[in-house]
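Enquirer: following is a predicted model, sequence given first.
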Amino acid sequence: MGYYQKHVFFCTNQREEGADCCNNFHARWMRDYVKDKVAMLGLSNDANRIRINSAGCMNRCDDGPVLVVYPEGVWYTYTDEKDLDEIIVEHLQHGRVVERLKI
């Protein structure tokens, strides 16, 4: 296994005004929310090694906002903090894919 047990990438791309993109849905703020929550839960420590990062355009703008969890390669969309909390608890803590948010 690599250094991280799980690596979460948030598309935080900002396109030209009016074009679909993840940052139109406050993706940077949502990434920060998850990063803070993962740290608060102790999931980013040496024992758990979950990393939250930004990514540029991931070419899934029509599905946005999007994030992907590796090493599983599971893609999610989300609308609010409640969706992100579910991904944190179910997928990052317990290893269960959140089917209703999967794309």
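Expert: All right, it came through fine.
Enquirer: quick one, helices of this protein?
Expert: For the chain, helices defined by DSSP state H occupy the ranges 27-40, 81-86.
Enquirer: report the buried residues of the last one.
Expert: To tie it back to what came earlier, the one meant is helix 81-86. Residues of helix 81-86 classed as buried by neighbour count (16 or more other CB atoms under 10 Å): 83-84. Heads up, the C-betas are built off the backbone N, CA and C, glycines and all.
Enquirer: ok, now the longest one?
Expert: Neighbour-count burial for helix 27-40 flags 27, 30-31, 33-35, 37-38 (criterion: 16+ other CB under 10 Å).
Enquirer: ok, these vs residue 75, which is closest?
Expert: Nearest to residue 75 among the buried residues of helix 27-40, counting by CB to CB, is residue 27 at 14.0 Å.
Enquirer: distance of that closest one from residue 12?
Expert: 5 Å (CB to CB, to the nearest Å).
Enquirer: and for residue 22?
Expert: According to CB to CB, residue 22 and residue 12 sit 6 Å apart.
Enquirer: for these two, indicate the residue with more neighbours.
Expert: residue 22 (27 against 23; other CB atoms under 10 Å).
Enquirer: now stretch 56-73: mean pLDDT?
Expert: Averaging pLDDT along stretch 56-73 yields 90.
Enquirer: what lies in contact with that stretch?
Expert: Outside of stretch 56-73, the residues within contact range by CB atoms under 8 Å, 6 or more residues apart in numbering are 1-2, 6-13, 15, 19-27, 30-31, 34, 55, 74-78, 87, 91-92, 97, 103.
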